[in-house]
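Asks: 3D, please:
(chains A and B)
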Amino acid sequence: MSAPEPTAAATLRLPIRGGVQYWAPPLTVAGLIIGLWYFVSYVFLDPSRSYLLPPPHEVIAAYWDPAFGPDMFEALWNTAIVALTGLAIAIVLGVSWAITMNQAAWVERSLYPYAVILQTIPILALVPLIGFWFGFDFTARVIVTILIALFPMVSNTLFGLKSVEQGHRELFILQRASQWTILRKLQFPAALPAIFTGMRISAGLAVVGAIVGDFFFQRGTRGIGGLISLYQARLNAEPLFASILLASVFGVIVFWFFGWLATRMIGRWHGPI
Amino acid sequence: MSEPAPASTATEQGAALLDFSDVQLTYPGGTTALSGVDLKVRRGEFVSVVGPSGCGKSTLLRIASGLETVTSGDAHVATDHVGYVFQDATLLPWRTVRQNVELLAELRDHGRADRREAAQKAIDMVGLTGFEDHLPRQLSGGMRMRVSLARSLVMDPELFLFDEPFGALDEITREYLNDELLRLFAERSFAGLFITHSVSEAVYLSTKVVVMSGRPGKVVGSFDIPWDMPRDPEIRYTAEYAALVGEVSHALREGHDS
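Replies: As a prediction, the model looks like this:
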C-alpha cells in the first residue's frame, strides 16, 4: 500500500547565520550605542568631568595598559572559576531538587516554599554573613553564586517535568511502567528544553553572583568584583569601565554557550531554544 | 459473521474478549458518563461506536484499558494484550520512528533484538519503510498516525482499542488508513473497538456498529454490517452501503433528540 504523504523529509528551518541580513540589525544597534557613548563623553560632559564616562577607545586601551590589563584578565579568570563552579553545582542541585519535588505532591508542598524564599531573600544582605561563616575566599564566593543561580534551575526543571502531556503519561501507565522509568524515559527528556532555558538564565546569574560576592568581600583572591570596587575607590575610570565590560562579555559568552549547547543536544527534535 | 481469522484462532471465535454488562460510570463530581451499557466484542469482530460528542464513547476505551474503573456493573476484559491507539499520535518527539515503535516493547522489557525485529515488521506493515530514522516533526499527520498504529501492532494485541484515531486527518488520508486498518484486521484477526464520529467510516470498517445517545451515554442501537473482510473499497459507492449509513444516522439522530 503506497503512502499518500510526501516522501521527502522536511528539513529544519533555522535562521541563516553569517549573512548581512542576520548581522546588520545588531551591528547597527552597537553602532548607535557607541555613537551615543562618544556623544556623552565629548559633547555632553564638561572635559573636567569626563572621568564620569571616558570615551570607548580610552576604555578599550586600558586592556593593553600594563598597569591594569594583566590584573583585569587575572581577576576575570578567578571570577570565571567561581561562576562556573557555582553554576555547575546550582544545575545539579536545582535539577535534583525539582525531581525530588516532582515525586509527590506533599514533597512539593513541603519544599517549594523554600525555593521561592531563595528567590525573594535579599541575598546582598546575606553576603557579608556568608563571608563570616565560610571565610572570604573561594567557598564563600561559590555559595553566594549558588544562592543567586539556583532558583531558575529549580523552577524551570519543575515546570518542564510537569509539562508532560496526559496522553504520553497514559501511554506509559498502560504498560505499567514504574515511576522511575517514567521519569527517565518520559519526564526528564520532556523537561530538557525547560532545563536548558533554566541553564541560560542561571548562567547569567552565576556571573553576577560571582562578581557580587567578590565586590562585597574585598578580601581574599581578587576577582572582577574586587577590581571594580578598587578602581571605583581610586577613581580609575577607564579600567573601571573596561572591567565592567569584560564581566559583561564573559556573561554573554556563557549565556551564548548554553544556547549553543541546547541547540546541539535537543535542537534536532525541539528546534532552537 | 465473516470468517477472516486464520485456522489456528478460528476455534476461539466465540470468546468475548471484551464484555461489558450494565456498566455505569459516575465521576466524583457527580457527572454520569455512562449508564447501563452492554457491549461485547469477540475475536474477529470489529465494533464501531458512534455517538454525539461528550456521550462517553471514549470513556468505554478508558474503562477497557483500565485507565478508569466502573462505578457499577461489570467490565470484563479477557486478555492482557490490549492495544490502545489514542486520538493524537502521542509520539515522543525526541525519539525516531523506530524508537517510538519500539517503545511499548521496551517498557515491557522485551529483548533488544526481538523488539527491533517486531518494530521493523510493524513499520513495514503500515508502509513506513525507509522512514525508520525520521523524527515525528519531520512527518505529516497521517504518517504520525501510522507510527502510532505500528507502535501498538508491535505488542500483537488481541483487543485493539481505537479512540477516533483518524478524526484529525483529511478525507483522502483517512480513506487510505481505513483500508490499511481493514487489511491489518483481516491479517491479524484481533477484536477491535473503534470510536468515531463518522457514521460512514464506522459502517465501512466494522462488522457491527453501535449507536450511543448523549449524556449519560447509553447504547440505543446496534447494526450488523454484512460484508466480508477484507472489504472492497468500492462498496462505499453501493446503494446498500448508503442505506446502512442512512439507518445508522437516523438512529443517531433519534438518540440525540430523545
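
Asks: From now on I want contacts and neighbour counts done on CA atoms only, so please keep to that.
Replies: OK.

Asks: Neighbours of residue A:158, how many?
Replies: As a burial measure, residue A:158 scores 26 neighbours (other CA atoms under 10 Å in any protein chain shown).

Asks: doesn't residue A:103 make contact with it?
Replies: No: between residue A:158 and residue A:103 there is no contact under CA atoms under 8 Å: 10.6 Å.

Asks: how about the residues of chain B near chain A?
Replies: B:65-67, B:86, B:90-94, B:104, B:107-108, B:127-128, B:134-135, B:137-140, B:142-143, B:173, B:176, B:180 (CA under 8 Å from any CA of the partner chain).

Asks: Quick check on those residues: which are buried?
Replies: B:65, B:86, B:90-94, B:104, B:107, B:127-128, B:134-135, B:137-140, B:142-143, B:173, B:176, B:180 (16 or more other CA atoms under 10 Å in any protein chain shown).

Asks: quick one: the strands in chain B?
Replies: Chain-ordered strands for chain B, with DSSP state E as the definition, fall at B:16-26, B:32-42, B:46-50, B:72-77, B:82-85, B:159-163, B:191-195, B:208-212, B:219-224.

Asks: Turn those into TSV, columns for mean pLDDT.
Replies: Output for these, formatted as TSV (pLDDT from 0 to 100):
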stretch	mean pLDDT
strand B:16-26	88
strand B:32-42	87
strand B:46-50	92
strand B:72-77	87
strand B:82-85	90
strand B:159-163	91
strand B:191-195	92
strand B:208-212	91
strand B:219-224	87
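
Asks: Mean neighbour count added to those, as TSV?
Replies: Formatted as TSV, the strands of chain B follow (neighbours: other CA atoms under 10 Å in any protein chain shown):
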stretch	mean neighbour count
strand B:16-26	20
strand B:32-42	20
strand B:46-50	27
strand B:72-77	17
strand B:82-85	24
strand B:159-163	24
strand B:191-195	26
strand B:208-212	24
strand B:219-224	17
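
Asks: Flag the shaky bits of the chain, pLDDT-wise.
Replies: The chain I'm using is chain A. Residue ranges of chain A with pLDDT under 70: A:1-18, A:273.

Asks: that answer is for a different chain, and I need it for chain B
Replies: Chain B contains residues with pLDDT under 70 at B:1-14, B:257-258.

Asks: Can you pull up the most central residue in it?
Replies: residue B:162 (2.7 Å; CA atoms, centre = their mean).

Asks: Check the gap between that one and residue B:48 for me.
Replies: Note on residue B:162: its distance to residue B:48, by CA to CA, to the nearest Å, is 9 Å.

Asks: that older thread, hmm, the residue nearest to the centre of chain B is touching residue B:202, no?
Replies: No: look at residue B:162 against residue B:202 with CA under 8 Å: they stay out of range, at 11.7 Å.

Asks: Common neighbours of these two, please.
Replies: Common contacts of residue B:162 and residue B:202 (CA atoms under 8 Å, 6 or more residues apart in numbering or on different chains): residue B:194.

Asks: correct me, but residue A:87 touches residue A:201?
Replies: No: using CA under 8 Å, residue A:87 is not in contact with residue A:201, being 10.5 Å away.

Asks: ok, how many other residues are close to residue B:197?
Replies: Count around residue B:197 with other CA under 10 Å applied: 16.

Asks: show me the contacts for the spatially closest residue to it that is not a sequence neighbour.
Replies: If the residues on either side of it in the chain are set aside, residue B:197 comes closest to residue B:50, at 5.4 Å by CA to CA, 6 or more residues apart in numbering or on different chains. Contacts for residue B:50 were tallied using CA under 8 Å, 6+ apart; they are B:57, B:195, B:196, B:197, B:198, B:199, B:202, B:209, B:210, B:211, B:212, B:252.
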